[in-house]
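Participant: got a predicted model here, sequence first, then my questions.
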Amino acid sequence: MTEALAADLIRRIARRDYAIGVIGLGYVGIPLALTAIRAGFRVTGFDIDAARVAQINAGECVISHIPTEAMAEAAANDRFVATTDFDRLGEVDAILIAVPTPLSRQREPDLSYVETTAETIAPRLRRGHLVVLESTTWPGTTAEVVRPRLEASSLICGTDFFLAFSPEREDPGNRDFSTSSIPKVVGADDGPARELALALYDALVQRTVPVSSAATAEAVKLTENIFRAVNIALVNELKVIYAQMGIDIWEVVDAAKTKPFGFMPFYPGPGLGGHCVPIDPFYLTWKAREFDVTTRFVELAGQINTGMPHYVVDRLAEALDRASGRGLKGARILVLGLAYKKNIEDTRESPSLRLMDILDDRGAAVSYHDPHVPVIGRTRAYPRLAGRRSEPLTEATLSACDAVLIATDHDAVDYALVARTAPLVVDTRNALGRRGLTGARIVKA
């Protein structure tokens, strides 16, 4: 019976007689919804932020790297609508969950958004629904957290409705890859759910990668980001070591990557940022405790990466002392770049926020410039930074500061002006070096 139901739904997917709901209209949900619209599906986007929903329905840009034209095209399409009315979940056939999975203050997984979403879906769940979790989480979340909350509806997973996990792989600002061109891993704990989810994503993306279970798919996502976290930690540690030897880590990596095999370049920075790489390793270390397994290698990488902002501030203090004989207290520091990576406005877990917080603690007068972040929003970790506004990057601004700290290497910055005007530049991204800008007043950190 379940196989027959799945086969009928797969046929409906093929003829686009199938409606998709996306819960969470953020950095993952919006690209996913746009991809589904372009593939010819009816799409309903769900979000709890009424103002954001209104902007989306008006075709306004809500994420800088997503073209306004794409948002306007979606808003004009009568097969798409955004809403805060979750009762409309009953109108869709597939429910794709793309909500945040942050860490708590104790650096433990915070699944409250996933739990609340599953509990919101449950009373609206109907026979034949496909529910797919895309939010990054620990292996077992789909089966242990989402499934029982959905089954509170009295419907049975694998009999009445289908459940799968397909991790998001968005890379905001990456012009080489889009949602449709990135292979999609799909896992489920029964065959009909896996086949139905694969049929749906086959209609959305160029390639799907089936795996044997939801937990395997959850582990795939963690492994991808732990791989990055560990390698970034390695190159950050090498940066510290080589700096003491008078060796430029960026020159080392650029030379090493000419080897056509056995090496993959990673670059150092002021710390980790974004929703995935700084957070995902802690999801695995937390879950591993349940099995009495230690994650020493992963935790060591986390310690190195979370310690980098302090290292950068220490290097800044040393550079100030050498340049002018003064310390950080009272020094006017301009942090260049607030987003966690270049050319986007996303400040989630950004090391720039941590750098500003540390500099505040050490008595510096801190300001920032970021062409993509006009004002700092309220965050749980750094409430005292909320409301600060980006300073204009002018000769007057640069001349008035004691040092510029390059934390994010946005392209839309006049680095020649920075190099020419700032009394001292501490560059954590090699932004100046990559542009051939060197000098005694430029320090790499």
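Facilitator: Received it, and whenever you're ready, just let me know what you need.
Participant: can you tell me what sits against stretch 55-75?
Facilitator: For stretch 55-75, the external contacting residues (C-beta atoms under 8 Å, 6 or more residues apart in numbering) are 25-27, 30-31, 33-34, 37, 45, 47, 52, 76, 80-82, 172-173, 343-345, 372. C-beta coordinates here come from the backbone N, C-alpha and C atoms, glycine included.
Participant: among those residues, the buried ones, what's the PyMOL command?
Facilitator: Selection of buried members from the contacts of stretch 55-75 for PyMOL, criterion 16 or more other C-beta atoms under 10 Å:
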select buried, resi 25+26+27+30+31+33+34+37+45+47+52+80+81+82+172+173+343+344+345+372
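Participant: what helix or strand is residue 187 located in?
Facilitator: Take DSSP states H and E as the rule and residue 187 turns out to sit in strand 184-188.
Participant: elements contacting that strand?
Facilitator: Where contact means 3 or more C-beta pairs under 8 Å, 6 or more residues apart in numbering; DSSP states H and E, strand 184-188 is packed against strand 162-165, helix 191-202, strand 208-211, helix 214-244.
Participant: so which of the contacts of stretch 55-75 sit within helices?
Facilitator: Under the assignment DSSP state H, these contribute 30, 31, 33, 34, 37, 52, 76 to helices.
Participant: skipping its backbone neighbours, what lies nearest the most centrally placed residue in the chain in space?
Facilitator: Nearest residue to the geometric centre of the chain (C-alpha atoms, centre = their mean): residue 275, 3.6 Å. If the residues on either side of it in the chain are set aside, residue 275 comes closest to residue 348, at 4.9 Å by C-beta to C-beta, 6 or more residues apart in numbering.
Participant: number of nearby residues for the one you found?
Facilitator: Residue 348 has 19 neighbours, counted by other C-beta atoms under 10 Å.
Participant: contacting residues around it?
Facilitator: 273, 274, 275, 340.
Participant: with residue 336 instead?
Facilitator: 368, 369, 370, 393, 404, 405, 406, 407, 408, 413, 418.
Participant: equivalent analysis for residue 305, please.
Facilitator: Residue 305 neighbours (C-beta under 8 Å, 6+ apart): 229, 232, 233, 236, 271, 272, 278.
Participant: could I get the phi/psi values of it?
Facilitator: The phi and psi torsions at residue 305 (degrees, to the nearest 10) take the values phi -70, psi -40.
Participant: if I look at the residue nearest to the centre of the chain, how far off is residue 285?
Facilitator: 17 Å (C-beta to C-beta, to the nearest Å).
Participant: thinking again about what came up before, need the ones in helices among the contacts of stretch 55-75 in TSV with distance to residue 96, can you?
Facilitator: Converted to TSV, these look like this (distance: C-beta to C-beta, whole Å):
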residue	distance to residue 96
30	12
31	12
33	9
34	13
37	13
52	17
76	22
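Participant: find the residue closest to residue 142 in space, skipping its chain neighbours.
Facilitator: Residue 142 sits nearest to residue 214 (C-beta to C-beta, 6+ apart), 3.9 Å away.
Participant: oh, that last question was meant for residue 87, not what I typed.
Facilitator: Going by C-beta to C-beta, 6+ apart, residue 87 has residue 124 as its nearest residue, at 6.5 Å.
Participant: you'd agree that neighbour is up against residue 86?
Facilitator: Yes: using C-beta atoms under 8 Å, residue 124 makes contact with residue 86 at a distance of 6.8 Å.
Participant: thinking again about what came up before, and the pLDDT for the residue nearest to residue 275?
Facilitator: Confidence at residue 348, expressed as pLDDT, is 89.
Participant: phi, psi of it?
Facilitator: Dihedral angles for residue 348 - degrees, to the nearest 10 - are phi -60, psi 120.
Participant: how much space between it and residue 338?
Facilitator: For residue 348, the distance to residue 338 - C-beta to C-beta - is 11 Å.
Participant: counting contacts, what elements does the one helix or strand in the chain whose mean pLDDT sits lowest pack onto?
Facilitator: Ranked by mean pLDDT, DSSP states H and E, the weakest helix or strand in the chain is helix 280-288, scoring a mean of 86. With contacts taken as 3+ C-beta pairs under 8 Å, 6+ apart, helix 280-288 sits against helix 214-244, helix 296-324.
Participant: who touches that helix?
Facilitator: 101, 103, 107-109, 136-140, 221-222, 225-226, 229, 294-295, 298-299, 301-302.
Participant: redo the helices and strands packed on helix 280-288 as TSV? Include distance to residue 14 and mean pLDDT.
Facilitator: As requested, the helices and strands packed on helix 280-288 are exported to TSV (distance: least, C-beta to C-beta, whole Å; pLDDT from 0 to 100):
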stretch	distance to residue 14	mean pLDDT
helix 214-244	23	96
helix 296-324	42	93
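Participant: I'd like those written out as TSV, with distance to residue 66 added.
Facilitator: Below are these laid out as TSV (distance: least, C-beta to C-beta, whole Å):
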stretch	distance to residue 66
helix 214-244	22
helix 296-324	28
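Participant: pick the most buried one from those.
Facilitator: Most buried of the helices and strands packed on helix 280-288 by mean neighbour count (mean count of other C-beta atoms under 10 Å) is helix 214-244; its value is a mean of 19.
Participant: now the residue nearest to the centre of the chain: how far from residue 76?
Facilitator: For residue 275, the distance to residue 76 equals 30 Å [C-beta to C-beta].
Participant: again, but for residue 424
Facilitator: Distance from residue 424 to residue 76, by C-beta to C-beta: 51 Å.
Participant: and for residue 16, the neighbour number?
Facilitator: Neighbourhood size, residue 16 [other C-beta under 10 Å]: 13.
Participant: would it count as being in a helix?
Facilitator: No: if the criterion is DSSP: H, G, I helix; E, B strand; the rest coil, then residue 16 is coil and not within a helix.
Participant: excluding its backbone neighbours, what's nearest it?
Facilitator: Here the residue nearest residue 16, using C-beta to C-beta, 6+ apart, is residue 40, at 4.4 Å.
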